[in-house]
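Enquirer: what would the 3D arrangement of this be:
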Amino acid sequence: MSKSSNKARLVVVAVIWLVVVGICAAVYKLWIAPGKEAEVVTQTSSDRRHEHQLRLALDSFSGYSLLRSRAFHDDLAAHGIGLDLVDDGADYGRRIESLRNGDVQLAVFTVDALVKASATLGELPGTIVMVVDETTGADAMVAYKQAVPTIDALNRDEARLVVTRDSPSETLARVVMARFNLPKLAADPWIDAGGAEDVYEQFKKADPAAPRAYVLWEPYVSKALEDDRAHVLIDSSKFRGYIVDVLVVQRKFLAEDERGPRLLKKVIEAYLRANFDYQRRAGGLADLVQEDARAQLDERLSDAQSARLVESIWWKNTQENYGHFGILAGGSSGGLQHLDEMIRNITDVLVKTSAISNDPTGGEPNKLYYDRLLKDLHAESFHPSVLAGEGSETIRSDNAAAALSDAQWEKLSPVGELGVSNIVFARGASTLREQSQRELTELAGTLASWPQYYLLVRGHARADGDPEANRGLAEDRAQAVVEFLVQQGVPSQRVRHQSMPPGGAGESQSVSFVVGQLAY
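Expert: Got it, this is the predicted structure:
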């Protein structure tokens, strides 16, 4: 064998050994050494504080301050549950996709945002398990009196609504568009703004004669009203069940993870205990929202601002959750709207205003909530207040519209005319037809969610013929409508009928509906 052949063989052997050594080194570095290091770390570490880790998507809204509270997280930790909060900046599209993909197991939505996001996604990846809170005055539609004295003044093509899209203020605006008679308002009347501060800045710079309404939230509502040329057209204190925050769980986690129901019950229990704890303390919620504002927004709220904020958010307690889910028997729910009704009303508003093209539940709102967890807690007599020895929590009710004197009815401030399909009567008669009864039944449902408004039912008759007979017929028709609404549960002190001067043929067989309120 030649020297050159031996030399080549030695080179090959050397290369093979280098490869083997390299592989061994790689195996040690990539697998053996990390394993030893992990073993050392394990031997010198404590047990995990939380046996279970969950993720919750939310944003900086003050109504979610309880979900960020120390009391809530300490309670969860005591049950071996850690909760990571994921702030997505109120990006509801991203939020529902995170829920669908399992990046988070829990998320907070307003009901309207959940319906819209589900419709856009084309599926229902989440289901509601608890009502968190309801806005009761933080949002308002403000305008200059000169240009927009009532909502009816928005019934023109050039009118515009300045709003922050995908926010409760847009929901408020859509309620107005869906429920009031505004056929001339453009289908797309929006002027987009980047938050309440931006809306307020646009308000300050606006021409007071321009037909615009500005939808914003506190403290900017109060700031706008410092201008004595401005007034509130409508605010969220006047209606119920439209701006409602709910806790939503990923369906797969609830149905397919054996830990799901047990862990979610613990989350709900911990939240409701924290809610009770802060609400029973004098100034507890005000202190919480002040602390939360500093942490989330680096903003200091005055005592007056925090008190006003607490008044504008209705954090739902245990009993109120039982009521909204229809778990309490008979009249013990305190007249609270069932979640089913809330979803129907909100979906109807979104469809009528073209925010969505169709109902994602297919007319079955029960598909969007799951009542079993709260039913189980009720069956187990879960009541944080009882456990604290303070009796059962109360269901807080709205201050219903009080009875008015004749003089007060005369001075009632009109808000706007409701958009109700024509109520038809037989010629020369005041008997309601079946279709009209269906329309009025729907109207009664709307009024139930607007507990602080009054309603004037105005009867109209033909201009030709005997004026007194026509006026009498108009009054009889309006009275027939009022009596039907009262039969459907509308309190009699909230509704009054009146006849209008005889008009043209277009008003010959109709009544109209004007919402009114006591002056602010």
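
Enquirer: could you list the paired strands of the helix or strand harbouring residue 457 along with their orientation?
Expert: Under the criterion of DSSP states H and E, residue 457 resides in strand 454-459. Strand 454-459 sits in its sheet next to strand 495-499 (parallel), strand 511-517 (antiparallel), going by DSSP bridges.

Enquirer: mind listing residues that contact it?
Expert: With C-beta atoms under 8 Å, 6 or more residues apart in numbering as the test, strand 454-459 has contacts from 401, 404, 409, 412, 418, 447, 473-479, 481-482, 485, 490, 494-500, 511-517. Backbone N, C-alpha and C define where each C-beta goes, glycine included.

Enquirer: residue 318 is nearest to which of the strands paired with strand 454-459?
Expert: Residue 318 lies closest, by C-beta to C-beta, to one member of these: strand 511-517, at 32.6 Å.

Enquirer: hang on, the earlier thing: the following helix or strand past the strand holding residue 457 vs strand 454-459, what angle?
Expert: Following strand 454-459 in sequence order, the next helix or strand is helix 467-487 (DSSP H and E). Counting by axes from the mean of the first three to the mean of the last three C-alpha atoms, to 10 degrees, helix 467-487 points 140 degrees away from the direction of strand 454-459.

Enquirer: quick one: buried residues of the helix or strand harbouring residue 262?
Expert: Element membership of residue 262, judged by DSSP H and E, is helix 260-280. Across helix 260-280, burial judged by 16 or more other C-beta atoms under 10 Å covers 260-261, 263-279.

Enquirer: and that helix, how far out from the chain's middle?
Expert: 20 Å (C-alpha atoms, centre = their mean, to the nearest Å).

Enquirer: what does it rub up against?
Expert: 52, 54, 66-67, 69, 71-72, 75-76, 79, 81, 83, 105-106, 129-130, 132, 247, 249, 253-254, 284-285, 288, 315-318, 321, 372-374, 376-377, 382, 384-385, 388, 390, 393.

Enquirer: type out the PyMOL command that picks the buried ones from these.
Expert: A single PyMOL command suffices to select whichever of these are buried according to 16+ other C-beta under 10 Å:
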select buried, resi 54+66+67+69+71+72+75+76+81+83+105+106+129+130+132+247+249+253+254+285+288+315+316+317+318+321+373+374+377+382+384+385+393
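
Enquirer: the contacts of helix 260-280 in strands, which ones?
Expert: 52, 54, 81, 83, 106, 129, 130, 132, 247, 249, 315 (DSSP state E).

Enquirer: quick check: closest non-adjacent residue to the third one.
Expert: For residue 81, the nearest residue in space outside its immediate sequence neighbours is residue 52; the separation is 5.0 Å by C-beta to C-beta, 6 or more residues apart in numbering.

Enquirer: show me this structure divided up by domain.
Expert: 1-45, 52-136+242-387, 152-229, 406-517 (automatic domain parsing).

Enquirer: those: which one's closest to residue 142?
Expert: Nearest to residue 142, of the domains of the chain and by C-beta to C-beta, is domain 152-229 at 4.7 Å.

Enquirer: roughly how far is the helix or strand hosting residue 17 from the heart of the chain?
Expert: Residue 17 is located in helix 3-27, with elements delineated by DSSP H and E. Taking C-alpha atoms, centre = their mean, the mean C-alpha location of helix 3-27 is offset from the chain mean by 71 Å.

Enquirer: same check, this time on stretch 240-258
Expert: Worked out by C-alpha atoms, centre = their mean, stretch 240-258 lies 13 Å from the chain centre.

Enquirer: likewise stretch 229-237?
Expert: 19 Å.

Enquirer: outside of it, which residues touch it?
Expert: 135-146, 148, 150-151, 168, 172, 176, 203, 208, 213, 221, 224-225, 242-243, 312, 415-416, 452, 520.

Enquirer: pull the CA atoms of stretch 429-441 into CSV?
Expert: Provided in CSV are the C-alpha atoms of stretch 429-441 (Å, rounded to 0.1, in the frame of the first residue of the first chain):
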residue,chain,number,x,y,z
ALA,A,429,-112.5,53.4,14.4
SER,A,430,-110.1,53.2,17.4
THR,A,431,-109.7,49.4,17.4
LEU,A,432,-106.1,48.2,17.2
ARG,A,433,-105.3,45.7,14.5
GLU,A,434,-103.2,42.6,15.2
GLN,A,435,-100.1,43.9,13.5
SER,A,436,-100.3,47.1,15.5
GLN,A,437,-100.6,45.1,18.7
ARG,A,438,-97.4,43.3,17.8
GLU,A,439,-95.6,46.7,17.2
LEU,A,440,-96.9,48.0,20.5
THR,A,441,-95.8,44.9,22.4
